[in-house]
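1. how would this look folded up:
(one chain, ligands or ions: 1)
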Amino acid sequence: MPEGNQKFAINNLFDVQGWTVVVTGGGTGIGLMITQAFANNGARVYITGRRPDVLQTIEKEWGSKLIHPEGKIIPVPADITDKSSIQKFAQEVARHEDHVDVLVNNAGIDGDTSTVEKGDESAEALQEQLWNEEMKMWEEVYRTNVMGHFFTTVAFLPLLSAATKRGKGHTGSVINISSISGITRTSQHHIAYNTSKAASIQLNTLLAQELRRSGVQIRVNSIAPGIFPSEMTASDSNAQNKSTIPTDESYGRKKGIPAGRPGGEEDMAQAALFLASNQYLYGQTVTVDGGYLLEHP
Ligand SMILES: NC(=O)c1ccc[n+]([C@@H]2O[C@H](COP(=O)([O-])OP(=O)(O)OC[C@H]3O[C@@H](n4cnc5c(N)ncnc54)[C@H](OP(=O)(O)O)[C@@H]3O)[C@@H](O)[C@H]2O)c1
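-> Numbering: from 1, shown residues only. From the prediction side, this is the model:
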């Protein structure tokens, strides 16, 4: 460990060089931002998702141009709603690595929407809207955003704990990507999604409690993002798998975001590196939302 003034250098405070990182849903949106944050600072990052072509694009467009010589992006397709697929994914990582420093449970879906927020519909009209929602959609959203994060964490437990046992001064850690949607009292037109994200925040707390035990020693924290550009929020991505949310000067006022803009790649990268590198952070949900929750408590 560096001594004296040296330890306060940014490179020491946020050093992830040589780390092994796993990011689910790492091929687009927020997952890609986090993947680039680690890989460009010298980590080997295993990314997963259901579409192999999307993952291969990342390797070609971003993995081949990393600014750190030790950085790497390694695609391994998997479906986090399927236990055997998760298990194969963890086994594939274990074939190459004897530990995992950080698991980022990021993969998620938002499901369908209903126009119910602060409307003035009659009971009958509101009922019609809500009754049209499918139980299957609710199940898929919960299965991905909650069960998928739970079982992926379980699959990686020994590898994460092995990072702690290496005695390099840091613990293996999990970062769950929840959402301000799990905190705000407005439904944002998608009650199923917001319910799943509230469950994600509680899952984060429970896992933090369970995994801190002395035989395991894994830290668990969560980032609750506000609005960031992704396939989920912009409906699409370009040839480099990047998405854009069109904005103008009125964006912040219209959306109720004091920062006046959607979240940027650096905002998310800084949050992920902070949670990964700060060894004193346990069981927290850190909101990174440009002030959204101040206007939508
Ligand atoms: N963007 C925002 O404003 C925002 C705000 C708050 C929270 N979030 C959360 O951030 C996370 C990332 O979402 P995003 O906004 O970046 O959207 P996105 O671009 O749609 O990313 C979601 C990623 O998850 C992957 N995925 C979905 N289902 C999967 C499954 N069953 N197995 C494996 N991978 C799966 C997708 O790839 P495949 O389709 O190829 O599987 C995709 O790469 C989500 O948990 C989301 O709820 C986003």
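
2. element containing the nearest residue to A37 once chain neighbours are set aside?
-> The shortest distance from A37 to any non-neighbouring residue, by C-beta to C-beta, 6 or more residues apart in numbering, is to A269 (3.5 Å). No exception for glycine: its C-beta is placed from N, CA and C like everyone else's. Assigned by DSSP states H and E, A269 falls within helix 265-277.

3. Show me what secondary structure element comes after that helix.
-> Helix 265-277 is succeeded, C-terminally, by strand 285-288 (DSSP H and E).

4. send the alpha carbons of the helix or strand just after that next one over as PDB?
-> Moving toward the C-terminus from strand 285-288, the first helix or strand encountered (DSSP H and E) is helix 292-295. What follows is helix 292-295 as a C-alpha-only set of coordinates in PDB (Å, rounded to 0.1, in the frame of the first residue of the first chain):
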ATOM      1  CA  TYR A 292     -34.700  14.100  -9.700                       C
ATOM      2  CA  LEU A 293     -35.900  12.800  -6.400                       C
ATOM      3  CA  LEU A 294     -35.800  16.300  -4.900                       C
ATOM      4  CA  GLU A 295     -38.600  17.200  -7.300                       C
END
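
5. what's in contact with helix 292-295?
-> I180, I183, T184, G226, I227, K255, G256, I257, P258, T287 (C-beta atoms under 8 Å, 6 or more residues apart in numbering).

6. And stretch 132-152, by the same measure?
-> Contact partners of stretch 132-152, identified using C-beta under 8 Å, 6+ apart, comprise 24, 80-81, 83, 86, 89-90, 103, 105, 107-112, 114, 176, 191-193, 195-197, 199-200, 203, 207.

7. can you list the contacts of helix 292-295 in JSON lines and add pLDDT?
-> Shown next, in JSON lines, are the contacts of helix 292-295 (pLDDT from 0 to 100):
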{"residue": "I180", "pLDDT": "98"}
{"residue": "I183", "pLDDT": "98"}
{"residue": "T184", "pLDDT": "98"}
{"residue": "G226", "pLDDT": "98"}
{"residue": "I227", "pLDDT": "98"}
{"residue": "K255", "pLDDT": "96"}
{"residue": "G256", "pLDDT": "96"}
{"residue": "I257", "pLDDT": "98"}
{"residue": "P258", "pLDDT": "98"}
{"residue": "T287", "pLDDT": "98"}
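
8. about what we covered before: my guess is the residue nearest to A37 contacts A39, does it?
-> No - A269 lies out of contact with A39 (C-beta atoms under 8 Å); the separation is 10.7 Å.

9. So for the two, which residue has more residues nearby?
-> A39 (27 against 18; other C-beta atoms under 10 Å).

10. Give me the neighbour count for the closest residue to the more buried one other than its chain neighbours.
-> What sits nearest to A39 in space, not counting adjacent residues and going by C-beta to C-beta, 6+ apart, is G71, at 4.1 Å. G71: 22 surrounding residues under other C-beta under 10 Å.

11. and G71, what does it touch?
-> So G71 contacts F38, A39, N40, N41, G42, A43, R44, V45 (C-beta under 8 Å, 6+ apart).

12. in this structure, what spans have low per-residue confidence?
-> Along the chain, segments meeting pLDDT under 70 span 117-118.

13. Show me which residues of it sit near the ligand.
-> 24-25, 27-31, 48-51, 54, 79-81, 106-109, 144, 148, 177, 179, 225, 227-228, 230-233 (C-beta under 6 Å from any ligand atom).

14. Out of the residues you listed, which end up buried?
-> 24-25, 27-31, 48-50, 54, 79-81, 106-109, 144, 148, 177, 179, 225, 227-228, 230-233 (16 or more other C-beta atoms under 10 Å).

15. Mind checking which of those residues land in helices?
-> G29, I30, G31, V54, E231, M232, T233 (DSSP state H).

16. For the residues you listed, work out which two are farthest apart.
-> V54 and T233 (16.7 Å; C-beta to C-beta).

17. how about the helices in the stretch 101-250 of the chain?
-> Under the criterion DSSP state H, counting those that start in this stretch, the stretch 101-250 of the chain carries helices at the ranges 123-131, 135-142, 149-155, 157-165, 191-211, 231-234.
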